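Visitor: no sequence for this one, just the structure:
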Ligand code: C2E
Ligand code: MG
Ligand code: MG
């Protein structure tokens, strides 16, 4: 019985590779429709032949009366054309249908001649016999060409040693699955220390071992023993890949891979000698890990090499686990570039409140949408964007998008709240940063005193002079400055004293520890006092619990930003929050 989960593809590996690929590529519905259309045309024309051959009427052609009967030959040649088309395009079924039709015409033609004395039909007799000879020759010739082509295609798609589909067949299958957007996984299996068998026992033994492994795996794929639909291919030498489909979860993929691994690890006997083999295996999933067949295969290969290095359990490694830090950074960089080019960057807004719970503003926070639709957090991509010089493009996109939104919000609600945007040190140091700010103020019409720029404390260590000059210009425009993540860097008090900021943002790390012991609490209290001495307002980030709120209120904190009163939200939710807070004010 056909396994419903495998959708009729269970016996993929016993069918020739060509047939499997044909099945994936075939556009059966369209060709079937044309097949029946041709038969219909044939029948209509055949009826017309009979009608014209018996008709006594005439039609006018170029001003001359022409008997309908004399057109019989011309109409009947259309039936011959239909039979030729059927044989040429539909091979065996076309041939069988055409031959049946042509043979069935004989009795009617003979009856016309002998009973109806319709001697014009004698020509039809010959045409019919010749049409039969033509389609038989056409069919025979076509069949020979087809068989030869299939043989060539089979050879091109089959690994000669193991008889498994080869690298070409594997890429074709992956391309077809990609085109159909069907979920699948690719596992690459590389035999460990296989060279040793070749070197010590000779190539013939090595080949026999590979053949045995291939036939075990083919059997498993053919009989659907794994519960998934598998296409086992040989990439050449001691490397195999398995395309896995029809699974419900990633765990199913792992189970299938484990099954093939266990088959491989069973004893292999060649010429009375026993061999025990194992493999390093890497796998990758479509569409999670890669969106094209080539990429998927190279991801699975990278994972296989990682598994050789010892990454992953049981020598099976999933692509995402195989990445080194450097590779992961490269992957994130690729995602950032793609998000920047495809509008994958957007912003959310986290509300800020004064200590009496009155809404005072929002911080715009960047988010990035991955190709699979999931959202990536800035703590993952901002550090890499900073290293690769992409952060200014991110800052600019978030600044522009959020300022456009906020300008609209002010016009709509007349809110006096503030929009805070994060600007990286790198971005701030750019020569055209001030022009960018002026342009945004001009286009969005946000009053400058409702805009705040957050700069991390590290600016005071990096290039303080240039930064101070730039910040001075921003202040002149009337924009507010906040020092973000205060307390995490190593800025000295003397720098802080000369820093023209308006707001100090105390980092979440201090708020987390604040209520665990008295000295941590006093530390936060000291930061707040220093901020006040320097004439800065103080906002504490990452406030999650009521007891933290109580403490902050008792030690004089001015503003609160934390999950306790508001998580980062969509612009629509932020608008609703502003409207609610203005009504209740
Ligand atoms: P940040 O500027 O210090 O922003 C505050 C971060 O703390 C945000 O994380 C926010 O969601 C989180 N947070 C606030 N309250 C709580 C809380 O009560 N509990 C917890 N667990 N978290 C809270 P997010 O959005 O992941 O941003 C992380 C950092 O990424 C930001 O820290 C900022 O340094 C950077 N960033 C975000 N957007 C941008 C941007 O557009 N440009 C630049 N250069 N950096 C950005
Ligand atoms: Mg910030
Ligand atoms: Mg912060």
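Guide: Right, received. Where do you want to start? Since this is a predicted model, take the numbers as computed values, not measurements. Ligands and ions are numbered 1, 2, ... in the order given.

Visitor: Give the other helices and strands that the helix or strand residue 197 falls within contacts.
Guide: Assigning secondary structure by DSSP states H and E places residue 197 in helix 194-201. Helices and strands in packing contact with helix 194-201 are listed as helix 203-222; criterion 3 or more CB pairs under 8 Å, 6 or more residues apart in numbering; DSSP states H and E. The C-beta positions use only the backbone N, C-alpha and C, and glycine is treated the same way.

Visitor: which regions of the stretch 101-250 of the chain lie under the pLDDT threshold?
Guide: Judged against pLDDT under 70, the low-scoring parts of the stretch 101-250 of the chain cover residues 118, 120.

Visitor: now with 90?
Guide: Low-confidence segments of the stretch 101-250 of the chain, defined by pLDDT under 90, are located at 101-102, 104-131, 142-158, 160, 193, 195-201, 236-237.

Visitor: ok, now the stretch 401-550 of the chain?
Guide: Residues of the stretch 401-550 of the chain that meet the criterion pLDDT under 90 lie in 424-432, 456-471, 485-500.

Visitor: where along it do the helices fall?
Guide: Along the stretch 401-550 of the chain, the segments classed as helices by DSSP state H, counting those that start in this stretch run 425-428, 433-444, 459-462, 464-476, 493-497, 508-514, 518-533, 546-554.

Visitor: how big is the angle separating the helix holding residue 197 from helix 203-222?
Guide: Going by axes from the mean of the first three to the mean of the last three CA atoms, to 10 degrees, helix 194-201 is angled at 140 degrees with respect to helix 203-222.

Visitor: contacts for helix 194-201?
Guide: By CB atoms under 8 Å, 6 or more residues apart in numbering, the residues outside helix 194-201 that reach it are 205, 206, 209, 237, 238, 270, 273, 275, 277.

Visitor: now these in JSON lines, with distance to residue 138 and neighbour count?
Guide: Formatted as JSON lines, the entries for these read as follows, by distance: CB to CB, whole Å; neighbours: other CB atoms under 10 Å:
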{"residue": "205", "distance to residue 138": "50", "neighbour count": "16"}
{"residue": "206", "distance to residue 138": "48", "neighbour count": "23"}
{"residue": "209", "distance to residue 138": "48", "neighbour count": "22"}
{"residue": "237", "distance to residue 138": "44", "neighbour count": "15"}
{"residue": "238", "distance to residue 138": "47", "neighbour count": "21"}
{"residue": "270", "distance to residue 138": "50", "neighbour count": "17"}
{"residue": "273", "distance to residue 138": "56", "neighbour count": "11"}
{"residue": "275", "distance to residue 138": "53", "neighbour count": "18"}
{"residue": "277", "distance to residue 138": "52", "neighbour count": "19"}
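
Visitor: want to throw the helices of the stretch 401-550 of the chain into a markdown table with mean neighbour count and distance to ligand 3?
Guide: Below are the helices of the stretch 401-550 of the chain laid out as a markdown table (neighbours: other CB atoms under 10 Å; distance: least, CB to the ion, whole Å):
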| stretch | mean neighbour count | distance to ligand 3 |
| --- | --- | --- |
| helix 425-428 | 19 | 14 |
| helix 433-444 | 16 | 20 |
| helix 459-462 | 19 | 13 |
| helix 464-476 | 15 | 18 |
| helix 493-497 | 12 | 16 |
| helix 508-514 | 18 | 7 |
| helix 518-533 | 16 | 13 |
| helix 546-554 | 16 | 15 |
